[in-house]
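[1] What follows is a predicted protein model with its sequence.
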Amino acid sequence: MASVFHQFALLSAATKLSSNPMKFPSPLKRGRLIKRYKRFLADVELDDGGMITASCPNTGSMMGLCNPGSAVWVSESDSPTRKYRHTWELVEDDIGKGMALVGINTAHPNKIAAEAIAENRIGKLTGYASLKREQKYGKASRIDLLLEDEMKGRAYVEIKNVHLMRQPGLAEFPDSVTVRGVKHLGELGDMVEQGHRAVMLFLIQRSDVMRMKPADDVDPTYAAELARAFTRGVEVLAYRCEITPEEIRLTKSVPVKIA
């Protein structure tokens, strides 16, 4: 049992992948962050001098990524019903060697992962006949992706967006306490015990990452539950992305240290 908690779990081959990227539907606008507030709002001064309030599609703390003056990129919607036309998409971070773009929009990882799986670009998740999103399972929960095949059976895939990096090259999750995340890990373990595959997929929206681990000082309960889920048979995968103001491209798997 102890070895599980103190070894690197190399859970997919760290090989470079070619991929069709998720492209932003319209060119992003660059600016400087004034402040993030009320969790879901951010004031930004655009490079053209305009001042806007953008929606912030991220429920976490965004630790280290909300510094006033940081370079940010926002998308713009032409929907007449939206209160805030702009959405905060990217931020520039210098914790690693040089500046790196970081994706903060938590709505993107499910789409990126679904497209990559459908195109057989995540080796351990290939060979399934169907892929469904947001399917009911467990105790009043929804699984992000459900893979099904007559021969291979079912694979329940939970996806978490990762962007926290406090040490160069080391991604961590979560960036705030996540009771919901703990619940999902328990339910993934239950699926394994019922005879199915269950996969925890961490999608890292930054390219300057070499490895990943749970942020046990931020949420020790989540870290412990991840280790427990692993011992129950839940598979743990992590992939990083290349990010530009035009697109986000899933590129490479990274090793995950389980507690």
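    Good, I have the coordinates.

[2] can you pull out the strands in the stretch 101-250 of the chain?
    Assigned by DSSP state E, counting those that start in this stretch, the stretch 101-250 of the chain shows strands spanning 130-137, 141-149, 153-162, 164-167, 169-173, 197-204, 209-214, 235-243, 247-253.

[3] could you dump the ones you listed to JSON lines with distance to Arg228, mean pLDDT and mean neighbour count?
    Using the backbone N, CA and C atoms, a C-beta is placed for each residue, glycine as well. Below are the strands of the stretch 101-250 of the chain laid out as JSON lines (distance: least, Cβ to Cβ, whole Å; pLDDT from 0 to 100; neighbours: other Cβ atoms under 10 Å):
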{"stretch": "strand 130-137", "distance to Arg228": "19", "mean pLDDT": "94", "mean neighbour count": "13"}
{"stretch": "strand 141-149", "distance to Arg228": "18", "mean pLDDT": "95", "mean neighbour count": "18"}
{"stretch": "strand 153-162", "distance to Arg228": "15", "mean pLDDT": "97", "mean neighbour count": "22"}
{"stretch": "strand 164-167", "distance to Arg228": "22", "mean pLDDT": "95", "mean neighbour count": "18"}
{"stretch": "strand 169-173", "distance to Arg228": "16", "mean pLDDT": "96", "mean neighbour count": "21"}
{"stretch": "strand 197-204", "distance to Arg228": "12", "mean pLDDT": "98", "mean neighbour count": "24"}
{"stretch": "strand 209-214", "distance to Arg228": "12", "mean pLDDT": "97", "mean neighbour count": "20"}
{"stretch": "strand 235-243", "distance to Arg228": "12", "mean pLDDT": "96", "mean neighbour count": "23"}
{"stretch": "strand 247-253", "distance to Arg228": "23", "mean pLDDT": "91", "mean neighbour count": "21"}
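
[4] so can I have JSON lines of those strands showing distance to Val102?
    Output for those, formatted as JSON lines (distance: least, Cβ to Cβ, whole Å):
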{"stretch": "strand 130-137", "distance to Val102": "25"}
{"stretch": "strand 141-149", "distance to Val102": "21"}
{"stretch": "strand 153-162", "distance to Val102": "10"}
{"stretch": "strand 164-167", "distance to Val102": "8"}
{"stretch": "strand 169-173", "distance to Val102": "10"}
{"stretch": "strand 197-204", "distance to Val102": "9"}
{"stretch": "strand 209-214", "distance to Val102": "10"}
{"stretch": "strand 235-243", "distance to Val102": "7"}
{"stretch": "strand 247-253", "distance to Val102": "11"}
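
[5] How much space separates the residue nearest to the spatial centre of the chain from Ala238?
    Closest to where the C-alpha atoms of the chain average out (Cα atoms, centre = their mean) is Asn161, at 1.7 Å. Separation of Asn161 from Ala238 (Cβ to Cβ, to the nearest Å) stands at 12 Å.

[6] Quickly list what's touching both of those two.
    Residues touching both Asn161 and Ala238 by Cβ atoms under 8 Å, 6 or more residues apart in numbering: Leu203.

[7] ok, now which ones touch the spatially closest residue to Ala198 that is not a sequence neighbour?
    In space, and not counting its chain neighbours, Ala198 is closest to Leu188: 3.9 Å by Cβ to Cβ, 6 or more residues apart in numbering. When contacts are counted by Cβ under 8 Å, 6+ apart, Leu188 touches 156, 158, 198-200, 229, 234.

[8] From Leu237, how far off is Leu188?
    12 Å.

[9] Please apply the same query to Arg30.
    Applying Cβ to Cβ to Arg30 and Leu237 gives a distance of 32 Å.
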